[in-house]
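Colleague: Quick one, fold the following:
(chains A and B)
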Amino acid sequence: MSQLDKQYDPLVVEKEVLKFWDEQRIFEKTVRSREKGPRWSFLEGPPTTNGFMHVGHARGRAMKDAQIRYMTMCGYNVWRRAGWDMQGLPVELEVERNEGIAEKGQIETTIGLDKFVQKCKELVDFYLGRWVQDSQRLGLWLDYDTAYQTRRDDYIEHVWHFLKLASEKGLLGRGYRVNPTCPRCVTALSGHEVSQGYKRKVDPSIYVKFRLVDREDEFLVIWTTTPFTLISNEMVSVHPDYTYVKVDVGGEYWWVVKDLLETVMAKVGVSSYKVVEELSGSDMLGWKYVHPFLEEVEWHREHHEEYMHAVVTGTHVTVEDGTGLVHTAPGFGPDDFEMGREYDVPVFVPVDPTGRFTDEVPMFAGKYVFDMNPVVCEMLKEKGTLVHEETIEHEYPHCWRCDTPLVYLADNTQWFLKMTGVRDRLVERNKEVHWTPTWAGSGRFGDWLANADDWCISRSRVWGSPLPVWVCTECGHEVVIGSRKELRERAVEFPDEFEMHRPWVDRVVLKCDKCGGEMRREPFVTDCWLDSGMAHTASVDYLKDPSLFNELFPYDFITEAVDQSRGWFYSLLYTSVVMHDRAPFKACVSQEHVLDKDGGKMSKSRGNVVWARDALESVGADPFRIFVLTKNASWNRTNYDPAEIEMLKKKLSVLWNVVLFADTYMALDKYRYDESRMRAALSGARLEDRWLLSRVQSTVEAYHEAMRAYLWHRAGRVLLEFVSEDLSRVYLPLVKKRVWLDADDPEKVMAYDVLFYTLHAVVRCLNPFTPFLAEKLHRSFLMRYCDLPESVNLTDMPLPDKDLQDDEMEATFDLLEELRSAASHARNKKGVKLRHPVARVMFVPASEDAARRARSLIEILLHDLNTHEFVVLDSDVADEFTRLSVTPNFKALGPRLKKKMRRLTKFLEEEVDGAWLRNELETHGRAKVVVDGEELELVAGDVEFHESVPENLSLAECRAGKVIVDVTRTRELEAEGLVRDVTRRVQVMRKELDLSVEQMIDLVIHFSDDESMELVSMFKDYLSNETRAETLRLVGPSEAVAWKRWNYSVDWEIDGRKIRVGMTPK
RNA sequence: GGGCCCGUGGCAUAGCCUGGUUAUUGCACCGCUCUGAUAAGGCGGGGGUCCGGAGUUCAAAUCUCCGCGGGCCCA
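Modeller: Numbering: from 1, shown residues only, chains lettered A, B, ... in the order given. Got it, this is the predicted structure:
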């Protein structure tokens, strides 16, 4: 009895296999079995334990597993430690939501930092559990027991170690950063958060004129919607390539961009004006102006840098709105800040994080910035510099939590990792990485590296690796601490209860070695990309024992989605180059994203996210895996469509059915696999056996080639193609008739051996793609007939075997396929069923090779084409019933004829006499034709001839030549066809009785006319053989049958002949 | 605003690097057919502005340029 269900049900198979793996510790055994193999190291990009795994994650993880399983079965000792990225803002936000904390500032006043961090830990543990479950359900075999976790002290210590090293190399330092800040939550927001909170807002829209120095009565006219930022204005930006005009507006001159001149004048209500001068923006560089609040703000009077209160040029200036002259306040805008840095102008930020002016602007001190907008306008009006005032409604970012309008604020307390002196090294080291596809590394990532800015690593949050910088409260001296040991040694007092997270780390006070004062920690945590970026070193506990690191680094392989270029790929490379001066990975495969069924982005807000767990439980892990692995190249996006997965499931069912077939008969015959027996029998084996064995070699070879290049889609397609086409569609029908032979018949044994050999190879190659199905087939089928290890994962990948490869054989069978297809076509044209035999099929080969190969196939063709005779003809014999058409050989003629080509093509199609032309070419080797009055010479090879039109025969063409089916009917053919029709009816009845294949029966057939009986009796033996009838009685119309004695009887009508069939199982 | 990827019958894909006969294959549809793999298999058919435009060429799905649409990253 087969251990395989009648139908392939992935969910049933997978549950069973998961249980087996778990109970028998198969993963551990697999790892142990390869301990002596060469090292191959995979570095897991740690998923964020926040949220659940969706199908996009699952695709990437399927790719990881495919490569890992493949390498393992190739004999490598694969390093595959799991890892989890567990810190960061999203975790905090979810805890805040769960705990009802409205804003960050309230954590301390509500549940307190200790409890908050505790809640963060509980949350990430919850998600981690789910990720492990989902990963295992997917079949991703990583070492989860020793997984690295970025939130552990041992891990964080590596981050400290790195930062100290970076500091010693002069790469760590403070700097400015302009952040969108919520003045109510007193926190900076990430770009992601900002993009969530755009809303319409009504703001003042004002045009202001700045008086130019050394240019009498000339003014720059600027536009702004945030009047309060004028207090901090330091420059005016113009586009270097735009044209600016000086306009006489009656008594004074204004400068605006030419493209907006009319718009601006209409807006401010000046109807009479005249352009008196034009300049390009670059000509205006360095023009000085008088700051509108020079008197009120002392800071402006104190600064006299070259470009302070001057015109500067920048390409960010647009002419979409405003005046083409952009008010620039480096403290209040990212673009502005860049300009300040470029022109070396100091940053003036007279506003605190709560959005209130500081003492530096005494008149506004303590006042909320947005409240000052009308006041500023009023003051400008008094000064006579307000050209125009109105309001505007536009999209403005708001805090996604509390709806407060955000303020862009420069903040000089942030910490950066610098690119200075590192960038060139990153670019160099990246070139040594093997990227798939190549452009992902050289183009996308390479370009980005070349332009990368300093990396801001400080975050004003709680749940993260703490920034290990302590600052003296007395003298400002700073130290970077590289380890817990160092911290303990320098601490004034080290608490009994300590971990590296806030708030515990904040309680450690150091003694300043400069002045003896108290040093306190900078209250930042670090960017969580820095955590995962240290995985090359921290994941193997380098600080405790570097031996693992030395063995594995640099890692052979990583793969993540494209968005990690700027994330993990970068943070890995940066930290590794700084620490070890080389790229931490040798090969990197970039993946595209998974989109929804219609190609739309999956997002929670759209509600179209498909969670991995739901997908796996509905379609099964194996169909899911093979879908995501073969649908597209990894670097192409994939639309997630369950209907497509169903198709893949059908393909897997085909394999299942092949195995079921093999298993049924092998079990019946108590078969045992013997490879040496198979090899010994090879030279005398049937063509299809040798062919299939050869196809296995070509398939395995193509498979390895693709897998070694990380082209999983190619490898998977090669396999599926082999299973459904070569094995199932071609080989299996050929081998079926052999299962009726005696159990020890050499031909039958050979068929089993070949089937077993093939399936053994297929199952192993398929294991990286569908590990559950492969394991099931290995255990429930392969192991029954051969001594094999208990898991497919403990076996070695098949390698191509040249002894079994035969290209000629493969070509011969390709021909067979073509002939079968062409013959079907020809029969179809005349409406002759395949069940009805024909007298003769003729083949006009297109080449000597085809002729030779066709002759070797005659035996098979007689059966497959259901013909009594198969003849290979010479081409001149075929001429008798064919007509010639002519097509040009473009490759030969094009270069010679050039523009005349088109006319010749038309001539050949419509006018030429094909037979004449062929005759000319064959006898003289050349022919002259007249095309549009011009004489052209054609030589052999310039054109090709095609024959068509059968008469009473039916002709079909294929690449190998022409197939002509003789459809003439005779009495014997009639009889044969009828018997096959009868046979089929009997088989239907056997099946309706649910008889097993080997069950013998007694059979009776009653005919309502004598002729039918005579016809059938001509092939009586055939009928009883095919239907496993021990006794067969044919009864004419004059006799009666005692139908009650028969278990089962049915009336049939075949092409007008009425019969009644009765059967009784023995 | 910048960079990169993708765009081929209703859907999904091959081909593109290296230009050349009628653009490949699967799903779906229609007709026929086969059958102890049977909710499968075979043959045939309908269905295509190869995203649009321009250029190079005797010849463009393929090479170049300009657009459009989708996606990703960055600003």
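Colleague: list the contacts for the nearest residue in space to A:C182 that is not next to it in sequence?
Modeller: Nearest non-adjacent residue to A:C182, counting by CB to CB, 6 or more residues apart in numbering: A:C399, 3.8 Å away. For every residue, glycine as well, the C-beta is placed using N, CA and C. Going by CB atoms under 8 Å, 6 or more residues apart in numbering, A:C399 touches A:182, A:184-185, A:189, A:197, A:405-406.
Colleague: can you do 7 Å?
Modeller: Contacts for A:C399 (CB atoms under 7 Å, 6 or more residues apart in numbering) come out as A:182, A:184-185, A:189, A:197, A:406.
Colleague: Write out the residues of the stretch 951-1066 of chain A neighbouring RNA strand B.
Modeller: The stretch 951-1066 of chain A comes close to RNA strand B at residues A:956, A:980, A:983-984, A:987-988, A:990-991, A:995-997, A:999, A:1028, as judged by CB under 7 Å from any atom of the strand.
Colleague: re the thing from before, tell me the least confident of the contacts of A:C399?
Modeller: Among those, A:G197 has the lowest pLDDT, at 64.
Colleague: Using the record's domain definitions, break chain A down for me.
Modeller: Domain ranges of chain A: A:192-407, A:641-789, A:883-948, A:971-1065, per automatic domain parsing.
Colleague: Tell me which of those sits most buried.
Modeller: Ranked by mean neighbour count under mean count of other CB atoms under 10 Å, the domains of chain A are led by domain A:641-789, which reaches a mean of 19.
Colleague: Could you confirm whether any residue of that one contacts RNA strand B?
Modeller: Yes - using CB under 7 Å from any atom of the strand, domain A:641-789 reaches RNA strand B at A:641, A:643-644, A:647, A:650, A:654, A:657-658, A:660-661, A:728-729, A:732-733, A:736.
Colleague: quick revisit: now distance to A:V117 too, for the domains of chain A, in TSV please.
Modeller: TSV is the format used below for the domains of chain A (distance: least, CB to CB, whole Å):
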stretch	distance to A:V117
domain A:192-407	20
domain A:641-789	39
domain A:883-948	73
domain A:971-1065	66
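Colleague: looking at those, which has the lowest confidence?
Modeller: domain A:883-948 (a mean of 71).
Colleague: contacting residues around A:G286?
Modeller: A:307, A:310-311.
Colleague: repeat that with 10 Å
Modeller: A:306-307, A:310-313, A:343 (CB atoms under 10 Å, 6 or more residues apart in numbering).
Colleague: That one and RNA strand B, how far apart?
Modeller: Between A:G286 and RNA strand B the computed distance is 24 Å (CB to the nearest atom of the strand, to the nearest Å).
Colleague: Secondary structure element holding that residue?
Modeller: In the assignment (DSSP states H and E), A:G286 maps to no helix and no strand.
Colleague: Could you find the closest non-adjacent residue to the closest residue to RNA strand B within the stretch 251-400 of chain A?
Modeller: Using CB to the nearest atom of the strand, A:P334 is the residue of the stretch 251-400 of chain A that sits closest to RNA strand B, at 5.3 Å. Using CB to CB, 6+ apart and skipping residues adjacent in sequence, the residue nearest A:P334 is A:V178, 4.7 Å away.
Colleague: Same question for A:F1007.
Modeller: Closest residue in space to A:F1007, ignoring its immediate chain neighbours: A:M1013 at 4.1 Å, by CB to CB, 6+ apart.
Colleague: Now do the SS call for that neighbour.
Modeller: helix (DSSP: H, G, I helix; E, B strand; the rest coil).
Colleague: Enumerate every residue touching it.
Modeller: By CB under 10 Å, 6+ apart, A:M1013 lies in contact with A:1005-1007, A:1034-1037, A:1057, A:1059.
Colleague: so how far is RNA strand B from A:A940?
Modeller: According to CB to the nearest atom of the strand, A:A940 and RNA strand B sit 15 Å apart.
Colleague: what's the distance between that residue and A:E920?
Modeller: 10 Å (CB to CB, to the nearest Å).
Colleague: Mutual contacts of these two, please.
Modeller: Taking CB under 10 Å, 6+ apart as the contact rule, A:A940 and A:E920 both touch A:926-927.
Colleague: Helices of the stretch 951-1066 of chain A, residue ranges please.
Modeller: For the stretch 951-1066 of chain A, applying DSSP state H, counting those that start in this stretch gives helices covering A:971-992, A:1010-1017, A:1020-1026.
Colleague: you'd agree the residue nearest to A:P334 is up against A:M339?
Modeller: No - with contact defined as CB atoms under 10 Å, A:V178 does not reach A:M339; the gap is 11.4 Å.
Colleague: Find residues that contact each of these two.
Modeller: Taking CB under 10 Å, 6+ apart as the criterion, A:V178 and A:M339 both touch A:330, A:333.
Colleague: how far away is the residue of the stretch 901-1050 of chain A found nearest RNA strand B from A:S282?
Modeller: Closest residue of the stretch 901-1050 of chain A to RNA strand B, CB to the nearest atom of the strand: A:R990 (2.8 Å). Distance, A:R990 to A:S282, by CB to CB: 93 Å.
Colleague: same deal with A:S232?
Modeller: 25 Å.
Colleague: what do you get for A:D745?
Modeller: For A:D745, the distance to A:S282 (CB to CB) stands at 93 Å.
Colleague: quick one on the thing from earlier: what are the phi and psi values for the residue of the stretch 251-400 of chain A closest to RNA strand B?
Modeller: Here the main-chain torsion angles of A:P334 (degrees, to the nearest 10) amount to phi -60, psi -50.
Colleague: Quick one: residues contacting it.
Modeller: With the criterion set at CB under 10 Å, 6+ apart, A:P334 makes contact with A:177-180, A:316, A:408, A:410.
Colleague: if we can go back for a sec, need the contacts of A:G286 in JSON lines (columns: distance to A:Y555).
Modeller: Compiled in JSON lines, the contacts of A:G286 are given as follows (distance: CB to CB, whole Å):
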{"residue": "A:E306", "distance to A:Y555": "50"}
{"residue": "A:Y307", "distance to A:Y555": "48"}
{"residue": "A:A310", "distance to A:Y555": "52"}
{"residue": "A:V311", "distance to A:Y555": "52"}
{"residue": "A:V312", "distance to A:Y555": "46"}
{"residue": "A:T313", "distance to A:Y555": "46"}
{"residue": "A:Y343", "distance to A:Y555": "44"}
